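> Just to be clear, the model below is a prediction. Sequence and coordinates:
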Amino acid sequence: MGEQRKIRVAVIFGGRSSEHEISCVTAGSVMSAIDTDRYDILPIGITRDGDWRLVTADPSELAIVDGKLPAVPDSGARLALALDTPGAFLEVAPDSLPRLVGQVDVVLPLLHGPFGEDGTIQGLLELAGVRYVGAGVFASAASMDKVFMKALLTAQGLKTGPYLAVSDRAWTRHRKRVLDNIAALGGVVFVKPARAGSSIGISRVPDATDTAAVTEAIEAARAHDPKVIVEAGIQGREIECGVLESLDGGEPDVSLPAEIHVAEGYDFYDFEAKYLSNSGLSIPADLPDEVTQRVRKLAAEAFDALGCEGLARVDFFYGDDGEIYINEINTMPGFTPASAFPQMWAASGLDYPALVDRLIRTALVRRTGLR
């Protein structure tokens, strides 16, 4: 009898969003943790221009070195997903017929931000009938868009802080009205691209009535997304919690919560403070027991409210007023060993390789199509 074939996992990373480099770092860490005795890895990088490339699985090529971030190279065989053959990837070249690279059993889409985490690649994989790790089309899209995410959470009775959406049309046609509405939020505001992550494009404005500063912050956010969200600042502590889909169809599993400690010299947890500083985490967060349990319960409720699958990280503010506010939910959180999500699960008894393995196993048993 022949040797049993390994389960083949396509790891897709990079992409066209401003989080391209962080996606590469995530992929390098995850591929180094996949058990190659059980799984065969097909590493696929998407360049900033949107080309799909067969690339190296060497984690050292996808690491931050001396502060320099990695990227998917414009080299390697160009690939395409065969929509008429479930799980099949084709090598495509301008001077030859497409060649079957091989079929995969499951896709691990480690893409952050638009054109990946927002339901787009999930839709492509659904069309191709391929199993994949993480949330489906709607949950991915809704969670990526902070405006719709907050609206859906609020509709389910979950508390979020005050915010204002700024569409491209509103900003170009009714700017004064928008600025007046933002001023009404009062105090400190955070101006963010509505559909981006990794704290990219975010500005902290100390005074919502400072129209010049608000305008500058909105333009900075619009460099990444024409849709912007402005959130009222909440005095309190930043808490995060990890959620995993149950293996047996039951209630989701929830990690111990973590508290973010922003490094000195930073006004908030921006990109540099997150990835290039000595900002740290306390796990478990030093919270009263009843608050810890409340945070974990709310994390599971947010996961279910948006119809998430696979995994998510839910971010909170534990306000000085004693209230717990959900800030956002991230359906493909940063996944290096130093990232909050794996650290929370390690502290909860699930180490990094076991966490990666669980995500793959969860996806393998999920049926394709409508669920």
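That came through, no problem. Numbers count the residues shown, from 1 in each chain.

> what ranges do the helices span in this protein?
Applying DSSP state H to the chain gives helices spanning 20-33, 120-128, 137-144, 146-155, 168-173, 175-183, 211-222, 271-275, 289-305, 340-347, 352-364.

> Any idea which of these has the lowest pLDDT on average?
Note on the helices of the chain: helix 271-275 shows the lowest mean pLDDT, a mean of 53.

> so residue 313 makes contact with residue 239?
No - counting by Cβ atoms under 8 Å, residue 239 is not a contact partner of residue 313; they are 11.0 Å apart. (Each C-beta comes from the backbone N, C-alpha and C, glycine too.)

> re the thing from before, ok, which of the helices of the chain comes nearest residue 64?
Residue 64 lies closest, by Cβ to Cβ, to one member of these: helix 20-33, at 6.0 Å.

> Could you list the buried residues of that closest one?
Residues 20-33 are the ones in helix 20-33 that count as buried (16 or more other Cβ atoms under 10 Å).

> Return the list of helices and strands in contact with that helix.
Packing partners of helix 20-33 (3 or more Cβ pairs under 8 Å, 6 or more residues apart in numbering; DSSP states H and E): strand 7-14, strand 39-46, helix 352-364.

> relative to helix 352-364, how tilted is it?
On the basis of axes from the mean of the first three to the mean of the last three Cα atoms, to 10 degrees, helix 20-33 is oriented at 100 degrees to helix 352-364.

> mind saving the C-alpha coords of helix 20-33 as PDB?
Taking Å, rounded to 0.1, in the frame of the first residue of the first chain, the C-alpha atoms of helix 20-33 are listed here in PDB:
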ATOM      1  CA  HIS A  20       0.900  43.800   2.900                       C
ATOM      2  CA  GLU A  21       4.000  43.600   4.900                       C
ATOM      3  CA  ILE A  22       2.300  42.600   8.200                       C
ATOM      4  CA  SER A  23       0.600  39.800   6.300                       C
ATOM      5  CA  CYS A  24       4.000  38.500   5.100                       C
ATOM      6  CA  VAL A  25       5.300  38.500   8.700                       C
ATOM      7  CA  THR A  26       2.200  36.600   9.800                       C
ATOM      8  CA  ALA A  27       2.700  34.000   7.000                       C
ATOM      9  CA  GLY A  28       6.300  33.400   7.900                       C
ATOM     10  CA  SER A  29       5.500  32.700  11.500                       C
ATOM     11  CA  VAL A  30       2.500  30.500  10.700                       C
ATOM     12  CA  MET A  31       4.400  28.400   8.000                       C
ATOM     13  CA  SER A  32       7.200  27.800  10.500                       C
ATOM     14  CA  ALA A  33       4.700  26.400  13.000                       C
END
